[in-house]
Each structure stands twice: as C-alpha cells, then as structure tokens.
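Q: Please work out how this folds:
(chains A, B, C and D)
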Amino acid sequence: MGDFLKRLFEGAGGDQQASANDVPKDPFSTNLDDNGKRLEELFLFPLNDALKFRELTTQSGQRVKVLFVTGAADTDKISDYVIKPLLNSETEGKQGLTDEIMNHVLTISGTEKISDFQAAVLKLINGNTVILIDGEKEGIAVETAGFESRQVAEPTREIVIKGPKNAFVESNDINHSLIRRQVKDHRLVSETAMVGVESPQKISILYLDHIVDRELVKKVKDEIDQIDKAAILTLSELEELLEERPYSLIPSTLSTERPDRAASFLNEGHVVLLMDNSPDALIAPVTFWALFHTAEDQFLRWAYGNFARIIRTIALFLALLMPAIYVAVVTFHPELIPTDLLLAIAASRERVPFPTLLELLLMEITFEILREAGIRVPAPLGSTIGIVGALILGQAAVQANLVSPLLVVVIAITGLASFAIPDIGLSVMTRIIRFIFIAAAFFMGFVGIALAATAMLAYAASLKSFGVPFFAPLSPHMPSSRDLFLRPILKKQWLRPLSMRPRDAIRAKPKGRSGS
Amino acid sequence: MGDFLKRLFEGAGGDQQASANDVPKDPFSTNLDDNGKRLEELFLFPLNDALKFRELTTQSGQRVKVLFVTGAADTDKISDYVIKPLLNSETEGKQGLTDEIMNHVLTISGTEKISDFQAAVLKLINGNTVILIDGEKEGIAVETAGFESRQVAEPTREIVIKGPKNAFVESNDINHSLIRRQVKDHRLVSETAMVGVESPQKISILYLDHIVDRELVKKVKDEIDQIDKAAILTLSELEELLEERPYSLIPSTLSTERPDRAASFLNEGHVVLLMDNSPDALIAPVTFWALFHTAEDQFLRWAYGNFARIIRTIALFLALLMPAIYVAVVTFHPELIPTDLLLAIAASRERVPFPTLLELLLMEITFEILREAGIRVPAPLGSTIGIVGALILGQAAVQANLVSPLLVVVIAITGLASFAIPDIGLSVMTRIIRFIFIAAAFFMGFVGIALAATAMLAYAASLKSFGVPFFAPLSPHMPSSRDLFLRPILKKQWLRPLSMRPRDAIRAKPKGRSGS
Amino acid sequence: MIKVSDGEIGSREFFAILYVMMAIRVTDSTPNLLHESGLTASWMIPLISGVALIGPVLLLFRLVKKYETGLIEITFELTGPFFGRLIAFLIFLSVFSSLSLNSRNYADIVITMYYPESSVLWILAVLILGAALYIAHRGLEAIGRTALLVVPLFIVTSVCLVFSTTNEMNYLFLFPIAGSGVTEVAKGGIGYSSLYADVIIAGVLASQVRTFNAYRKASVWGLWVSIGKMAIFLAVYVMVFDFHAVRNIAFPYHHLTRMSMVGTIANRMEAVYLAFWYAGAALHFAAYLYISAFLLGKVIGYKPFKQLLFPVAGTAVVLGMVPENYLEGGPLRMALLYSSSGMFLLLPVVLWGLDRMRKREKK
Amino acid sequence: MIKVSDGEIGSREFFAILYVMMAIRVTDSTPNLLHESGLTASWMIPLISGVALIGPVLLLFRLVKKYETGLIEITFELTGPFFGRLIAFLIFLSVFSSLSLNSRNYADIVITMYYPESSVLWILAVLILGAALYIAHRGLEAIGRTALLVVPLFIVTSVCLVFSTTNEMNYLFLFPIAGSGVTEVAKGGIGYSSLYADVIIAGVLASQVRTFNAYRKASVWGLWVSIGKMAIFLAVYVMVFDFHAVRNIAFPYHHLTRMSMVGTIANRMEAVYLAFWYAGAALHFAAYLYISAFLLGKVIGYKPFKQLLFPVAGTAVVLGMVPENYLEGGPLRMALLYSSSGMFLLLPVVLWGLDRMRKREKK
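A: The predicted model follows:
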C-alpha cells in the first residue's frame, strides 16, 4: 500500500505525454497549419509515421487538410468518399463552411463535427478521418474505420452438431451485426462506454429494454465505470475487472462465442457486453445453469437434448467426486465395495509402493500436464501426445508398479467426465475443486466429502453475480421457464416477459406477491 | 573473414548494377523522356517487363507519365485515383504544377513529392506509382501498394481456447492495423527502418512512447543499424542477426503470431518489430517470463490461469530434470526410493542388457526422432506415426527386454511435460539442457545436477537481452506488476507506467531510489 | 428471466430451513425417547404433538400477520423490553442447549457407528460446527438456498432407505396398536411437542420471509412433513427391529442404514447415508447457530449479530464436550424437551392474550 | 514494465550474496567449533557475535555513507597507499584462506557422507571451484541474481529440515542453559565474531550496490538472518543429538538430513538436501572467489581483476589439498578465525578514528 502511494505520488510529478483522455480539450484555432502542427506533435511526428495527412485545395481554392492514421483508417474509403468529393466541391468562402462541407460535399454516411484536440485524437486512433478546413474553428470527423479483421468463422469452443455455426470475430461492428440478425427487436439497446485510462477502448452494453431488470443494467454500468486501468486489451481482462470476487473459483460472468447463445441470453434478460478485439461476448450475470447448459440442448429434440443433459449431469458428479470417493472408500469405507473387488484391489495395490493419496495425486497431476500439453502442442505434434498419454495412463505405468490398474481407470473416467463439461470455467473449477474433495476424503472419508460439499454448496448458493443468485431460479425459487437440469418442451418454456418485470406497476408491491 | 573482406573489396571494385541503396541520388531532369529512359534503364527494360508505364495527356495538353511495377501496385487504384483524375484535370502550365496536381487532382489519400531517382526506385519497388510531369523537376509518388496477401486467419502455434483468434499475416500493413486495433493510443510510435544493403526491406519498430525505456529503443535501433547483409527476407533472419549471442540456447528476442500478445508486450514497455512477409512480430527484449507465460493465462480467471501456470511449472521441472533424477537415483542414491519400488526396478532392469545411461539415451533419442517425424510427416500419414511410436515407446520395447517399464514411464512423462511448455524456444532449450543434466547426473549424481543447475542458472541470470536481465523483474528485483510464476489479479497488476519511466525526472536520480 | 435478488427468502427456502431443523431428529436419539414413552404406539406421538401445536401455531400466524414482523419484535412490542429480553433469552437458551447437546450427540454417533477411535471426537464436533459456522456466516439466504438444494436429496434418501429395508419389516410388530396406553401416548405427545417447536422458534425469522403467505405456507408444510417423516420412521424402526430391540439400539437410523441393501452391488450402503446425513446435520446446525446468534443479538441489543456466531459456536462445542459420554446427555435432553414444550405451547397464547387486552384497552 | 539494467545490484541481491556467504556455515564444521566452546549454550555464541559486531558495522555504515564508496577505497583514502595495500592484503589473506580451507572441507564432507571413495576428492574440489569460478566470472551481478533466485529455496529447505526432524528433538538437552559458563560463551562469541565478518568484508562491494540505503538494509538483514539461522541450527543439533554426541559428529547438518523423513514416501531425503547444499556451496565460493580476486586486484593495482579469478581458484584448490585430511584443517581454521576476528572488529574503528582525526586537522 505504501509502495503504491509512493508510486502514485512520484508518478504524479512526472513530466510526460498526456494519455488520450488527458489530451487537453483545447479548441482548434482558425489557422489550419497550427492545428496540423499541434496534431503532429500529439502523434509524435515525424518519429512516428502513423499519422498521415493529405493537403488539398477545393475547386474554389479553399485549403483543406485530411488526416488519418494508417492501419486504422480505410484508405479506399478516404479516397472515394472524402478526397474525391472535396476536390470536386465548389464552396464559397462564406460562414458555416464546415456545415456546408458536411451537408453538401461528403458522400460518406457517418460524419460528425469536432472542435477540440481531444476529440480529434480519439477519433483518429479509432480509425476516423479528420478534415480540417482553413479558417474554420471546427473540423469534421468522418467514419472511415478500416481495421483488418478475420472473416466470420465457425466456433471452436462451443461446437454444436446441429444449429447455427457462426461465431463472433474480433470486430465489434461485425459482432453487433451478428446479434442484430438474431434479435430483430427495436428495443434491443446498445449503449457505449469507454474503458482504459490511457488507451481508451469502446465497450458496447446490449440488453433488451423490455425484459431486462433495470437494476441489473445499472449494476453492470456502475462496475464498468469503476474500472481504473491504463489499458484494457480484451474482453477477458474486462471480465476479470468486472468480477466481484476475482479470487473465487466461480465466475460471475460468462463468455460465449456464439451469437445465437448471446441472443438467447438477451431474451432471458441478461446483459451482453461486446468489445473490439474479442471474438466473444460477455454475459452478465451468470448462473449455474448458464454454465451447465450448451447451445445444442435447445437445438435437439426434447428427448435427445435431455438425454445429453442427464449424461452431462452424471459427468459433472463423476468429475467432481470420483477420485475423492475412491480415496474415501479405499481408506475409510472398504465395506462399500463388494468383497471380490476389494480383494482384487488389495492385490493390485500390494505392489504399488506409494500410499493411495500420493498415487492418486501423481496420476492427477500427470493428467493435468497431459491436458495442458494437449492445448499447447502445435497441431502437427498432436498424434505424439496420444502415444505418450497412453503410456502413462496405461499398461506401462501399471507394469512399472507405479499405479494400480483400478486407479488408472478411475483417473481416466474422471478425466473423460471433465471433458464432457461444456464451459471452460466450469470445467477448470471442477478440476480444482476435485483436489479439495480429495483432501477432504483423505482426512475424514465420506464425512469429509459431505462437509466440504455442503460448505461449497453454501458458498455457491450464497454467491450473487450482479445481484442474481448463482442457482437462481432453482434456489431461490423464482418463476422461470424451468430450463434447469432438464428442459421442458419449448411450448412450456414460454414465460411472458411482462409478468417478470420488476418495474411493472402491478407486480411491484413486494408484499403483494405470493413469493413462492 | 577473409572471404568477407574479399567480397567487400570485389564488390566495391566490381562492375555491376547498383543496388537500390546505391542508385545515384541524381535529381530528375525537366525532360520527361529522359527521366523515363533513366528509370527504364534502372529496371533493365525491355529485358525486364516489370516496370509498366502509361503516358497520357491532360485536358490542358500537359504530358504526364505514370510508372508502376506490376505485382507491386494495385492497377485498379491506379486507374481510379490516378489516371482518371489526371485525364480529367485542367491544369494550367504555371509554376508549381506538381503541387497543383498533388493537391488538386489526385484523389488518392497518400501522395508524396520525390525529386531523385533513388527515391523513385525505392517507391516503385514498394508498390507506389510514380507520376512524372513534363517540364517539372519533381515527380509524385502515390501510394498504390497492392501486394497480394492472405486473409487474417487463426493462429497455429499459440493456440488459446479463450481469447482473440486472429494472427498476423504476411502483410506489414495488415499487421499494423491489427496492432492499432488493440492499442488505441496516439503515443504508439511506429518508426520505419530499412535493412538489407542490396534489396532494402522496411522494418517497423513499434513502441509506446510513454512507457518504453528510451535506452531500450536506442539499443534496438543501433542493433538494426549495424546489420550488414545483402537481403533479409523474413523476420526470423532479422531475429538471428539482432541476436547478441547467436550460439546461446537462450534467445534474446521472442516471436509471436498473436496481435493481442504483441499489444500486451507493448503495454509492458517492450519493442515490437514488424516486417513484410513475416506473419509474426518480433518482441525485444525477452525475459524468462515472456517465454513461460502463454496468452491464455491472462484470459482465464485468476484461479484457472494460475492453476495452469502451476501445472506448467511442474511440467518445466519434470521436462528438465526427470531423466537426470532417474539416472542419479538409480546410480547414486537408491536410498531415496521406497524399498518396494527399488526391488521392482531392480527386477525389471535385470533383464535389460544395457546400462541405465545407454537405455535412457536410446529412449530419449527415439523420442526426439518421433517428435521430429511427427512434425515432418504429411498430414495424411499422421496416424502411422502413432502406431510406430506406440511400438517403440511401449509394450513391444519392454517385452523385447530393451527397456525397463519404469524408464518408459519416465521418458513418457518427460516428453509429455516438454509438450506442455508453451514457447518453441523454451521447449527446445529444455530438451537440450536435459541432456546436459543427464550427463551431470551420470557422473556425479545429485551433486552433478546441483552444480550444473547452479552454473546454468548463473548463466541465464547474467544474460541480458538488449540490456534487460533475463529473470527481471524477479532477479534483479524491480518494481513490477508481479506477473511471474503466478499472476496477481488484474486490479493488483496495475502499475502506473509513469512510475517506471527511467527518464521520469523524479525517479531519474539513481541514488535516490530505494533500489530494493 | 433473470432478476436481481431482493435479499429475502421465499416459501420454498423457508420450508427447507424448517425441514433441516426438524426432520433430522429421526436420525439421532430422539426416537429412543419416543419409543420409551410410546412403546409400539410411539408413531402416534408426533401426530399428537402436531395436534397440540395447531392452536399455538394458528395464534402465532395471527400475530405475525397483524404486526407484519418477527416473533421477537412482537414479544418486545407486547411485553415491553424487560420481559421481551427475558423471553428471547429463554428461547435462546432452549435453542442453544439443543445445539450444544446435539453437536456432541452427532459427533458421538459418527464415532460409535463409523470411526471407532474416540480421539477424533473433538475434531468431528469442531468440524461440523465449523462447517455450520461457515454456512451460517454466509447468511440466512445461504442457509435457505443451500437447504432448498439438498432437501430434495434428503427426502429421496429417506424414501430409498425405507424402501430398501421393506424386506426386513414385519407390520405385526406394530401391535398392540395403543402401545403404552392412550393416556401415556397423549402425555408423551404433548410433552414432546417441543420437538416441533422449531416451527414457532422459526417465527423469529418471519420478517425475513418475503410475504406472510409464504411464511404461513412454509410453516404448515414444514410442520406436517417433519411430523409425518418422524411418524413413518418411528413405525419403520419398530417394524424392522421390534420394539424390544429398538429400546436398546442407541441410534436406530444408523442401524437401519446398515440394513439397506441395493441388490448385490454393494455390501453395505451406510457410508452413503452417512454422507447425506452429515451434510444435513451441518445445515441443521447452521440454522440453529444462526437463530441462536440472532436471539443473543436481540437479548444483548447487539445489531451486527453475525459476529456472535463464532463465540456461540465455540461455546457450544466446549459445553457439548462436558458430559463424559452421550448417555449422560440423555436425561438432560429429556428435561430440556419437557420444560421447553410448555414454554413454546404457551408463548403464542400469552402473546395473543396480551394483544387482545391491548386492543380492549384502546377501545 | 521492462527497463534496461543499470549494472548495479539492489538490496535483495546484496542480501542474497551475504546470505550465501554466511548462512552456509551451519552446514560445515563450524558448529563443531562453537559446540566445543559453548557446549549446550553454543546457540548463544552467534547472538553474542552479532552484538559484538553492532559497533564496527555501524561505524562502517557511517564511513560508507560519508565517502560513498567501498571499504577498500576508504582505506586507501584514510591510510594512504602503503597501509591501504597492507590492509587489503590482510583481508585478502583471510578471505582466501577461508576459501581454500572450505573448498577442501566441503569436498571432504561429500566424500565422507555420500561417496565413500576417496579418489574423487580432487575432482570434487576442482568441480566446485570450477563452478564457482564460472559464476564469479559472469560478474557480481550474476552472483547476486543467481543467489536471489536460489536463496528462497535454501530458506525453505532449512525450514523443511527443521520441521521434518521435530519428532527427534528433546528440548531438555538444551540444559544447562549457560553451557560452559557465561564468560566462556561470551569469549567464544567475540572470538568467533569473524564468522560474520563477511558483513564487513562485503563492504568492499559497497560501491557496486545501487544506493547506500540498499547496502545498509541488505547488510543488516543479511547479518541477522545468518546469525538467527546459525543460532537455531546450533540449538537443533543439540536438541536432536544431545551435546555429548554432537561433539563427536563431524558434520551435524548432514547427519540431520539423514534423519529427515517425509511421511512414508521416501526412506531418506538426504540426497535432496545434498543437492541444495552443494548448489549453495558453489555460490558461496563464487562470492568468496570474486571478493578475493577483487582484493588481490586492489593490492597489486591490477584493474581487470577478473583475470585473477582463475589463478586464485587454482591456488585455492592446490593449497586446500595440502593437509592430509580435514581434521588437520580444524586447528588452522580456529587460529584463522580468532586472529581475523580481532582484525575485522578493529578495522572500522581504526578507520573511523582516522576519519575523525582528519576532520579535526581540517578545522
């Protein structure tokens, strides 16, 4: 803390360039060259070759400067819609030349008047073109942003067999478009906020105004306002900064790369955040169900989707508890196992020199390395991983008397089950909590598991993400479409949005509701 | 050396065409045809059909030549923004015709005045169009570069599950744009330097002016200036030429294919180099942490990211030391192993005819071949590798009494662990150093490992990459965001750039700092 | 539809809290007390207790509806600060002594039945109250929500247990139907009605329930489900073990779990029941701990009562450890139950009377 | 934020260098010397040494602060070139002889404890001084940074060792608390204070530390951490082995590592401790080697003193091999320690006195 204060004060005394937010809000002068020079200084010209400018004279002899940042602006657009019309324009040297050019000359769709350097810098770094006119105190910002971006492609994380197959990309505009295509509703609000003290980035906050809980939107916006960081590059950073409990294992936002999923969250009253550079949308708040469900559940028939959910529920429990139960049973409750199996286990464990816990941890850590290796390894080496993995988790390790065969099976099932958990967050959480359960089982057997599970459940149940309880609407119970562990058929999932609006006059009396 | 001198002198005395840098800086003459002829000669016309030119006459009868290089320039742009306006222009034969055309006629965004042949050649080979006007001593270079390039695609080497998914491509402009999209800061300086004596290529040096240590930028620029090579085609060549210790195992630059990673390095005060034709960015300086961290660590939640880091740290140690420890334990310190396991090892080793070291080296080398084969083999044959690999590293080898099963497991875990190391450089380094440790362990057991480790650590710790120590900011300790083995939450990673600026007035006094 | 939580608890959560407070009694030594006094007719005792509670509970509902607040606030309002504090203190004593005795009792059960090494007694008591402390510390919402998540599991477990032991039952063991005689049974029913006084105690939380209707609904359901479960299990114990044996079985529930068979898959399933039971116990103690601290806060006029959780839990562990073994605790429990029964049956009546008097005075 | 290094060392690195210079003494035969003179109260000796060093160290700080340079430069400044060289040579002798004796001692330890084949003695001595030579050759920054990377590991190892042997300890062995008597202990404390004279020797590097504050902070921490570690280990040795036995144990640290147990996983962990200890020894010698060469360079007025590293290391190996066995080295070490103690305690005092005189002359 002292360190921080020290840095703060020492830093305050420094003599340095202003960040974009600190660029003085000085108004433009009427002298075109002064304005140009000032902007050049702000962009560190000539050291920095990013700022380009083109001077031109209109037909009527008016001097005009067109400024833009390479890489940020689309030069074709500038040539076609800015320079060409300007060169051909015949403006008379009268008052309101800026308006004249904006309204009469430019053939581009987005134009805006700016009058100070801060606005000019912000516009320029966001890819706009700034037009400065000699003798005028105002300039024009033209929307010519032309950042390079990937094409819309298929999702890589949330894969479905059946259903829409486009994913968000790194461009905020394209992502907006993908969502608008899904939610054709005029009440889909898209607000813009800026984050990042030094290098501000735009964030879009989307919600359906007639469905969302206003308080939720307020909470999200408040959180965003409180962020105080120099530069935020991606949505994941924003995710962590929005987080109420950054150290907790349970996330309070969810990121999805599927526009259809984002749209369905919007329809359920969630808030969606979009940001440039991030091929995903941030959903707030998050509930357990959002983490547990996949996009595909809704695309498949009722029975198929629910079958998948049941399998997934089993997988979740196996991934969480399987090794802990193994430890508890072997150490404290051997009576649970049929005698034949018990004898087999004892025989196989006889030759293993390590205690059960160590054996288990060895295997678990190896498995985690295997998983990490699988992600990091370049694609061509993928097949090698398979061989190596099979050795450790297979016959060789058993023959070397390092592990007992039963344990190999336990670890394999656990690992497999954790792969079946859809969300990365939920999956990593499961893997970390598994170690807690193993420790609890090692110390107290089933009693330990039960106490740890209850405490963790209480923790999760008491969590709120932006005010919404983690297990809502199951616990606390709220009227909902009942899309929880299993999903009802779509006809029954219809819940009239009005009836839920907390700001709805009729239902607003808190004591008047049944509350059940 | 002698060779070099010979070439140097021969080159100087030789009778050959001048390279682009050696084209005489002769000014243009006022005669359009002379200028045209001269340029034709420089481009070996008519032998070489690369240089195209188009002669035209404006409405007012002014003769103009438009020159460009096929493949380098975009002909559509030339037609639209150069030839069409020129044909329609009505210029009066007055003074400053060049300015007139530049400011009044051309509708393209980037124009520049040139006045000698060297500039003209450089502009032409970089895809610009040169406009020569009869009677004028100056020409105009117009930015019409239209090199073909790949679309922005997903990264193949630094794969993340969550986070931005665009990668650099071979076009410098697109790469610039990708970085500008991430770092929206007007103080992002992009300087241009030329390398290659014969065929100069542009290199962009990017840094954030308010964060970077000026001395670092100076060092990098000095290194680039000292490069003396005929032609540099890719960034990897530049990487080796910039290298201070080309024979060392430890790199002094890092290349990344992810714009978001490059951006976050920029924000930490590194310098980023971009070059045409290279789908990656070169980061200088590099520290151990840059090699050890992955992009994903920051995208995941605090707990998840650190979980991955812990696993990766374990993997790094396993990959480095596992075989060496095996050799040391089996040869010198059998008392470390539980008696049961010891007996099992002895029993399994009984039938293996080779000494431990040879057995280990056999397996290690086989594994390295497997890895190399895995990369080189064409994709359709990938599955074959799997089968073959499983034979050698598996049951078959054990049954043939070539290796003991425990060793197979040791090698497999080591191999697996080395796959989990994110950076290629770090991974190869680990694999090579592993052999040193095996040798040390074979000769002196743990004492050998300890001495080798200390010496190597001292070597790594004393290294500097562009003046920055390899383990900074851990050792030497510097104020930092503490993102080392584990990362703190983002809120705590906030380090005001001001406070770190070595050129900051208050902090500049070297004796005034606590230095701790 | 997602919405921001208002911090109050709904009827299902309140029902779940009442369930974990009362229904878990079938698993400890309570059935022994009832068997002792009701013999083969012990299963009627809870039903009679329920009948005895109808009056007081209805009066309590009236009061809560009228004053729109919790039991303690009503008491303070009607009896003045001194008697209010006294009554709150008496309720606290009853809740706290039950907490303390039971925490020891439950640790004893685990040791007797599962881990026959007495050295872990302290650890077990500390662990369970530690878990309860943590849950209680997360607040009433956390208790309610967690209970709501696990209560369905408990109900399923109970049903499984009953079904998996049907083979061992003999309904003839239930006769003579009147057991120790109608008078005895009725006396027992009224005397042990404080076993279900939790429904009145939980009235102190009424102001934190979202609506009065939710409170009433949850109380009624909580009461009859708990009573029903107790009645069924009492009958099952007698049917399985016969009532002569059951009197000598310290913890019939846990002996019953040992008889639970799931085909030929596993020899004995008791460890699974143990886990669920212990999870339930943690929640049970969490609710008790929360109410104890809440009451103590009211008695000493200390608003941030959550800070009292830790001292209360600590004292409970220490006091629970005082008896040499769990048998010493038995008579204590019986005395406690009888004396508190009277109090809880009378409290709503008295309060209602005071309320009537007041109304008349006003006129 | 990345920045270019300025070539100086910070307080943490300097602390790490002091730690590897001093703290490793607990692992060689130093404890035997102290046990011999302090008996059961040997753990007090380092503390007394520390007290004895307070004065000289403070005076040294004053001088360093005033002259803003290293100890040798100050000596040259105050005593003139001849005496300056003489003093530098005396310090060099003390450092070099310690280097030479210890390199043999450490090789002996490895052979006695781990590789009982005496043929590798030469190899070991050459190897460890070779590694130290390499590290020292990379410069003071390399020593400091490497030490900073590994010192946390050494501290963790030490703590692990102490904790893993707690079962074997008997605190009664520490009595009689006064050991060989107060006078004896105090005499020993002052006599052996040169064990921590490294803190004064390291003053020759003061000019290479970034700031005076960093130098002072690192010196103070380095001194007390090393002294604390020695005191704790001396007490642990006595508690584990009893002092009668400990006098006959040549290398108590290594016997202690043989007793370290980590549950049932591994029989004996000594090889792991061996590795860490040897890594520490290599750094220890690297620091000593660097300082020796630095001092020798000052004595003979040879600027590129790094070229002296190799001859110094070679001579150290050869001289270390002269005694037949490590027991012969013992009396030599004791004589060395006693004589150098006097020198190091007096040096700062003398320098300070000269400084005062000068000041007065100027007036």
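
Q: residue ranges of the helices in the stretch 1-150 of chain A, please?
A: Secondary structure of the stretch 1-150 of chain A (DSSP state H, counting those that start in this stretch): helices located at A:2-12, A:32-42, A:75-77, A:84-88, A:97-100, A:117-125.

Q: Throw those into TSV and include mean pLDDT and mean neighbour count, thanks.
A: C-betas here are computed from N, CA, C, even on glycine. Shown next, in TSV, are those (pLDDT from 0 to 100; neighbours: other C-beta atoms under 10 Å in any protein chain shown):
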stretch	mean pLDDT	mean neighbour count
helix A:2-12	41	13
helix A:32-42	87	17
helix A:75-77	86	20
helix A:84-88	85	18
helix A:97-100	82	18
helix A:117-125	88	22
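
Q: Tell me which of the ones you listed approaches residue D:84 most closely.
A: Residue D:84 lies closest to helix A:2-12 among these, at 39.9 Å (C-beta to C-beta).

Q: Wasn't residue A:160 part of a helix?
A: No: Residue A:160 is assigned coil when assessed by DSSP: H, G, I helix; E, B strand; the rest coil, not a helix.

Q: any idea how far it is from residue C:242?
A: According to C-beta to C-beta, to the nearest Å, residue A:160 and residue C:242 sit 59 Å apart.

Q: can you check residue A:491 too?
A: Distance from residue A:491 to residue C:242, by C-beta to C-beta: 54 Å.

Q: which residues touch the closest residue to residue A:123 other than its chain neighbours?
A: Nearest non-adjacent residue to residue A:123, counting by C-beta to C-beta, 6 or more residues apart in numbering or on different chains: residue A:141, 4.1 Å away. Residues in contact with residue A:141 (C-beta atoms under 8 Å, 6 or more residues apart in numbering or on different chains) are A:111-114, A:119-120, A:123, A:128-131.

Q: Show the model's pLDDT score for residue A:141.
A: Note for residue A:141: predicted pLDDT of 91.

Q: is it in a bridge, and if so with what?
A: With DSSP bridges as the criterion, residue A:141 is bridged to residue A:112, residue A:130.

Q: Neighbours of the closest residue to residue A:395 other than its chain neighbours, how many?
A: Of all residues not flanking residue A:395 in the chain, residue B:395 sits nearest, at 6.0 Å (C-beta to C-beta, 6+ apart). Look at residue B:395: counted by other C-beta atoms under 10 Å in any protein chain shown, it has 16 neighbours.

Q: Can you say which of the helices of the stretch 1-150 of chain A is nearest to residue D:147?
A: helix A:2-12 (23.5 Å).

Q: that older thread, which of residue A:491 and residue C:242 has more neighbours?
A: Remark: of residue A:491 and residue C:242, residue C:242 carries more neighbours, 14 against 6, as counted by other C-beta under 10 Å.

Q: Show the contacting residues for the closest residue in space to that one that isn't next to it in sequence.
A: Excluding the flanking residues, the one nearest residue C:242 by C-beta to C-beta, 6+ apart is residue C:173, at 4.9 Å. Residue C:173 sits next to C:40, C:238-239, C:242-243 when contact means C-beta under 8 Å, 6+ apart.

Q: isn't there a helix covering residue C:173?
A: Yes: assigned with three-state DSSP, residue C:173 falls within a helix.

Q: Tell me the spacing between it and residue C:31.
A: In terms of C-beta to C-beta, residue C:173 sits 14 Å off from residue C:31.

Q: would residue A:282 count as being in a helix?
A: No: with three-state DSSP as the criterion, residue A:282 is strand rather than part of a helix.

Q: what sits opposite it in the beta ladder?
A: residue A:255, residue A:273.

Q: need the contact list for it.
A: Contacts for residue A:282 (C-beta under 8 Å, 6+ apart) come out as A:235, A:238-239, A:242, A:253-255, A:272-275.

Q: now for the residues you listed, which pair is the farthest apart?
A: Within the contacts of residue A:282, A:254 and A:275 form the most distant pair, 14.9 Å apart (C-beta to C-beta).

Q: And the helix or strand where residue A:425 lies, what's buried?
A: In this assignment (DSSP states H and E), residue A:425 forms part of helix A:424-462. Neighbour counts using 16 or more other C-beta atoms under 10 Å in any protein chain shown place A:424-431, A:433-462 of helix A:424-462 among the buried residues.

Q: Assign the residue nearest to residue C:19 when sequence neighbours are not counted to helix, strand or coil.
A: Once flanking residues are discounted, residue C:19 sits nearest to residue C:151: 5.1 Å by C-beta to C-beta, 6+ apart. Secondary structure for residue C:151, judged by three-state DSSP, is helix.

Q: try the one 10 residues further on
A: At residue C:161 the chain is in helix, as set by three-state DSSP.

Q: just checking, it touches residue C:258?
A: No: the criterion here is C-beta atoms under 8 Å, and residue C:161 misses it with residue C:258 at 10.8 Å.

Q: Same drill for those two, tell me which one is more crowded.
A: Under the criterion of other C-beta under 10 Å, the comparison of residue C:161 against residue C:258 puts residue C:161 first, with 19 against 14.

Q: need the contact list for the closest residue to that one other than its chain neighbours.
A: Distances taken as C-beta to C-beta, 6+ apart put residue C:260 closest to residue C:161, at 5.6 Å, once the chain neighbours are dropped. For residue C:260, the contacting residues are C:160-161, C:164-165, C:268-270, C:273, by C-beta under 8 Å, 6+ apart.

Q: ok, 7 Å please
A: Contacts for residue C:260 (C-beta atoms under 7 Å, 6 or more residues apart in numbering or on different chains) come out as C:161, C:164-165, C:269, C:273.
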